[in-house]
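Student: here are the coordinates; sequence isn't available:
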């Protein structure tokens, strides 16, 4: 295929034409629904499959061409877009399609966890506090604060809490509700 996109940030084997990017986007929106802009961005840029500017431009193209519809931040495939995805997806390398689908699913999972597992870093007196909490149905059900010596360790705690906050909560709850052993 003709190379007609800016390739900054795209790894070898990434998509090199506007047509390929549009086909991949139709395929992803038809395959993984609902799909929002943030998940697409995180997934495709994280895998270095496309360039940011090309991704945003091609998403806009899909809406203008009637291949997708955008409702808020979510994209939905149209019948015309489904036809493109069904007939042309095989033109893309299988490895690209599979990598993109896996990346989108991971990105969606992360966004769901990030909405429920909150973590914020605050600097206080040269140290960094990571305030972690879990919210369910608009209520804070768990909160915990860590004091970390530097921003790198604070960022690590934040990222791990977002990814594994439910596990932390379950293990702590189990430890705190076990009967005490008699001395």
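Tutor: That came through fine. Here the structure is a predicted model, which is why all the values come from computation and not from measurement.

Student: going by C-alpha atoms from here, please, whenever you check contacts or count neighbours.
Tutor: Fine.

Student: which strands and helices lie in contact with the helix or strand containing residue 170?
Tutor: With elements taken from DSSP states H and E, the one containing residue 170 is helix 151-177. Under the contact criterion of 3 or more C-alpha pairs under 8 Å, 6 or more residues apart in numbering; DSSP states H and E, the helices and strands touching helix 151-177 comprise helix 94-116, strand 117-124, strand 127-136, strand 139-148.

Student: these: which one's closest to residue 80?
Tutor: Across these, residue 80 has its closest neighbour in helix 94-116 (19.7 Å, C-alpha to C-alpha).

Student: for the residue lying closest to residue 163 once chain neighbours are set aside, grab the count of nearby residues.
Tutor: With sequence-adjacent residues excluded and distances taken as C-alpha to C-alpha, 6 or more residues apart in numbering, residue 163 is closest to residue 113, at 6.5 Å. Around residue 113 sit 18 other residues, with neighbours defined as other C-alpha atoms under 10 Å.

Student: same thing with the one 3 residues further on?
Tutor: Counted with other C-alpha under 10 Å, the neighbours of residue 116 add up to 19.

Student: who's in contact with it?
Tutor: Contacts for residue 116 (C-alpha atoms under 8 Å, 6 or more residues apart in numbering) come out as 134, 135, 136.

Student: which pLDDT value belongs to the spatially closest residue to the last one that is not a sequence neighbour?
Tutor: The spatial neighbour of residue 136 that comes closest, neighbours along the chain excluded (C-alpha to C-alpha, 6+ apart), is residue 116 at 6.7 Å. At residue 116 the predicted local distance difference test score is 85.

Student: and residue 116, how far from residue 128?
Tutor: Between residue 116 and residue 128 the distance, using C-alpha to C-alpha, to the nearest Å, works out to 22 Å.

Student: the residue nearest in space to the middle of the chain: what's it in contact with?
Tutor: Using C-alpha atoms, centre = their mean, the residue of the chain that lies closest to the mean C-alpha position is residue 107, 2.1 Å off. Contact analysis of residue 107 by C-alpha under 8 Å, 6+ apart lists 39, 40, 42, 43.

Student: domain map for this protein?
Tutor: Taking automatic domain parsing as the domain assignment, the record places the domains of the chain at 18-114, 115-177.

Student: chain center to the first one, what's the gap?
Tutor: What that stands for is domain 18-114. Domain 18-114 has its average C-alpha position 12 Å from the chain's average C-alpha position, going by C-alpha atoms, centre = their mean, to the nearest Å.
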